[in-house]
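Participant: Sharing a model prediction with you, sequence too.
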Amino acid sequence: MNGALQDPVIEIAYIVAVTLFILSLKWLSSPATARRGVQAGEVGMLIAILATLLYRGIVSYEWIIFGLVVGSLIGIPLGLVQMTAVPQRTALSHAFGAFATALVGTAEFYLRTPNISAFVMSALSIEIILGSLTFTASLMAAGKLQEVLPQRPITYKGQNFVNLGILLLAVLIAVYLVNNPGATWLFPLLIVIPLIFGVLLIVPIGGADMPTVISLLNSYAGLSAAAMGFVLKSKLLIVAGALDGSSGFILSVIMSRAMNRSFTNVLFGAFGQVQESSAKAAEGTVRSATPEEAAGILEAANSVMVVPGYGMAVAQAQHKVREFYDALTKRGIDVKFAIHPVAGRMPGHMNVLLAEADVPYDRLIEMDDANSDFPQVDVALVIGANDVTNPAARHDKNSPIYGMPILEVDKARTVMVIKRGMSPGFAGIENELYYLDKTLMIFGDAKSVVGALVRELSGGHEH
């Protein structure tokens with residue numbers, strides 16, 4: 001879409017679309033209004049697409065219809081994935097969006113060369129660099145989340161210097177093209193080098209950092225779209241891209257603070273490596289319990305705090321957890337859910353899973369509020385959460401997670417942990433929580449164990 005829009009109806013439609021985008025972000029910030037936020041975003045996007053299609057500068061509707069059909073054939077199956085696969089599906093969405101901006105930027109370069117102003121070439125370079133690196137980085141992130149790629153960081157000596165050197169090379173090529181846009185022979189490198197950088201960017205990052213990485217890649221994709229807006233002179237793209245980029249960046253800041261880490265540490269720290277010497281291994285005796293024994297303790301409790309983690313997501317145990325909640329509340333037991341900001345593999349992962357199972361929103365408690373409640377909680381039930389419950393974060397200065405805000409489940413009167421085995425979390429260290437005298441380990445698949453607890457609490461009849 002080249003040139004300024006002249007139809008006031010289309011301009012008004014774009015203003016309405018942008019307003020809906022802003023309201024969507026506002027409403028998405030609260031679980032109570034999140035559904036309305038999604039609907040506002042959908043309507044805003046529909047208005048934006050229809051207004052663009054009505055623009056008289058459209059040359060061929062055949063290709064647009066073809067693109068809509070192909071996109072729908074890809075998008076519908078992606079929208080029907082299991083809730084546990086939402087993180088990798090989100091990463092794929094970032095990849096597709098970034099790939100689209102890189103393709104548009106490539107087309108615009110060859111259509112306009114050599115008559116490209118320095119400003120447009122600068123915006124186009126940003127668009128292509130961010131779009132290309134986000135494309136491959138998002139594919140790598142999706143691969144790690146789907147576990148088709150190693151989740152542990154892969155590092156080598158001097159890796160950060162190599163990565164930064166490659167990125168600097170792409171920037172230098174962009175600077176040269178801004179001053180010499182006719183050097184078309186150099187342009188393919190502006191695409192290929194960021195594609196390589198995107199792969200190398202994610203390789204040293206472990207699975208524990210995926211929530212921050214996904215939100216950061218979302219920011220890159222948004223900024224790429226905003227740059228494309230400057231190239232195409234589209235106010236809508238500029239505003240929508242800026243909203244996407246800024247919200248993703250702010251979310252990344254929140255995620256980093258939740259782990260008490262900086263952006264540079266996330267991107268270059270290789271968090272997730274097995275720590276063999278940096279942290280002292282936890283020592284002590286592990287006490288295990290059967291679901292029957294655990295149910296007996298739960299029956300005598302007045303308050304229970306459930307702490308969901310990635311183990312719940314992998315086992316797809318959220319619906320059993322809802323049945324567990326129902327079984328306890330029928331007995332008059334107060335049940336809440338403590339949500340850590342980086343639990344799972346994407347921002348809000350636990351909230352999404354519990355919402356799918358119709359767990360009441362007002363039962364989901366944020367970390368700070370949950371930590372003030374734990375000393376009064378009779379039983380804290382941890383379902384597959386590891387590093388976000390490790391007391392070492394409070395006192396062990398040699399621990400890689402030292403300083404990271406955690407859910408202080410160890411302050412509850414009794415702690416139960418549902419876990420497949422004693423393998424460490426993504427930080428690669430033992431969890432001190434498992435060796436406390438007040439902790440009972442219930443080994444097994446989360447869905448099976450919670451199902452067994454429900455049967456015991458329901459008098460042998462599972463609903």
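Facilitator: Noted; the coordinates are in hand. Residues are numbered from 1 along each chain as shown.
Participant: from here on, contacts and neighbour counts on C-alpha atoms
Facilitator: Fine.
Participant: any idea which residue sits dead centre in this protein?
Facilitator: residue 346 (2.6 Å; C-alpha atoms, centre = their mean).
Participant: Does it belong to a helix, a strand or coil?
Facilitator: coil (DSSP: H, G, I helix; E, B strand; the rest coil).
Participant: show me the contacts for it.
Facilitator: Shown in contact with residue 346 (C-alpha atoms under 8 Å, 6 or more residues apart in numbering): 87, 210, 211, 212, 214, 215.
Participant: Distance of it relative to residue 210?
Facilitator: According to C-alpha to C-alpha, to the nearest Å, residue 346 stands 6 Å off from residue 210.
Participant: repeat for residue 11
Facilitator: Using C-alpha to C-alpha, residue 11 is found at 38 Å from residue 210.
Participant: out of those two, which sits in the more crowded spot?
Facilitator: For residue 11 versus residue 210, neighbours defined as other C-alpha atoms under 10 Å are more numerous around residue 210 (26 against 17).
Participant: could you pull out the helices for the stretch 251-400 of the chain?
Facilitator: For the stretch 251-400 of the chain, the helices defined by DSSP state H, counting those that start in this stretch cover 263-268, 291-299, 310-315, 318-329, 349-356, 367-373, 392-395.
Participant: Which residues does the second one contact?
Facilitator: Meaning helix 291-299. Outside helix 291-299, the residues within contact range by C-alpha under 8 Å, 6+ apart are 304, 328, 331, 379, 416, 442, 449, 452, 453, 456, 457.
Participant: packing partners for the helix or strand residue 125 falls within?
Facilitator: Assessed by DSSP states H and E, residue 125 sits inside helix 118-145. For helix 118-145, the contact count by 3 or more C-alpha pairs under 8 Å, 6 or more residues apart in numbering; DSSP states H and E identifies helix 86-112, helix 159-179, helix 187-202, helix 210-232 as packing neighbours.
Participant: Deepest-packed of these, please.
Facilitator: Greatest average neighbour count among the helices and strands packed on helix 118-145 goes to helix 210-232 (a mean of 27), per mean count of other C-alpha atoms under 10 Å.
Participant: so how far is it off the chain centroid?
Facilitator: 14 Å (C-alpha atoms, centre = their mean, to the nearest Å).
Participant: report the angle between the axes of that helix and helix 349-356?
Facilitator: Using axes from the mean of the first three to the mean of the last three C-alpha atoms, to 10 degrees, the direction of helix 210-232 lies 90 degrees away from that of helix 349-356.
Participant: re the thing from before, farthest-separated two in the contacts of residue 346?
Facilitator: Greatest spatial distance among these (C-alpha to C-alpha): 87 and 212, at 11.6 Å.
Participant: ok, back up a step: just the buried ones among the contacts of helix 291-299, please.
Facilitator: By neighbour count, with 16 or more other C-alpha atoms under 10 Å, the contacts of helix 291-299 hold 304, 328, 379, 416, 442, 449, 452, 453, 456, 457 as buried.
Participant: what ranges of this structure fall below the confidence cut-off?
Facilitator: Low-confidence segments of the chain (pLDDT under 70): 1-6, 56-59, 84, 207-208, 259-284, 422-428, 460-463.
Participant: What count of nearby residues applies to residue 119?
Facilitator: Residue 119, neighbours per other C-alpha under 10 Å, totals 12.
Participant: For it, give me its contacts.
Facilitator: residue 178.
Participant: ditto for residue 452
Facilitator: 291, 292 are the contacts of residue 452 under C-alpha under 8 Å, 6+ apart.
Participant: for residue 331, same thing?
Facilitator: Counted by C-alpha under 8 Å, 6+ apart, residue 331 has contacts residue 299.
Participant: May I have the phi/psi pair for it?
Facilitator: Note on residue 331: its backbone torsions stand at phi -90, psi 0 [degrees, to the nearest 10].
Participant: so how far is residue 459 from it?
Facilitator: Residue 331 is 12 Å from residue 459, by C-alpha to C-alpha.
Participant: What of residue 341?
Facilitator: Taken as C-alpha to C-alpha, the span from residue 341 to residue 459 is 35 Å.
Participant: between those two, which one's more packed in?
Facilitator: residue 341 (25 against 9).
Participant: wait, what's in contact with the nearest residue to that one once chain neighbours are set aside?
Facilitator: Distances taken as C-alpha to C-alpha, 6 or more residues apart in numbering put residue 258 closest to residue 341, at 6.3 Å, once the chain neighbours are dropped. Residues in contact with residue 258 (C-alpha under 8 Å, 6+ apart) are 341, 342, 404, 405.
Participant: rewinding a little: JSON lines for the helices of the stretch 251-400 of the chain, including distance to residue 128?
Facilitator: Output for these, formatted as JSON lines (distance: least, C-alpha to C-alpha, whole Å):
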{"stretch": "helix 263-268", "distance to residue 128": "21"}
{"stretch": "helix 291-299", "distance to residue 128": "55"}
{"stretch": "helix 310-315", "distance to residue 128": "34"}
{"stretch": "helix 318-329", "distance to residue 128": "40"}
{"stretch": "helix 349-356", "distance to residue 128": "30"}
{"stretch": "helix 367-373", "distance to residue 128": "39"}
{"stretch": "helix 392-395", "distance to residue 128": "40"}
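Participant: For the contacts of residue 258, give me TSV that also has distance to residue 129.
Facilitator: Output for the contacts of residue 258, formatted as TSV (distance: C-alpha to C-alpha, whole Å):
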residue	distance to residue 129
341	30
342	28
404	33
405	35
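Participant: circling back to that earlier point, out of the contacts of residue 346, flag the one nearest to residue 429.
Facilitator: Using C-alpha to C-alpha, residue 210 comes nearest to residue 429 of these, at 18.1 Å.
Participant: Isn't that closest one up against residue 142?
Facilitator: No: applying C-alpha atoms under 8 Å, one finds residue 210 not in contact with residue 142, separated by 9.4 Å.
Participant: Distance check, residue 47 against residue 36.
Facilitator: Going from residue 47 to residue 36 by C-alpha to C-alpha gives 16 Å.
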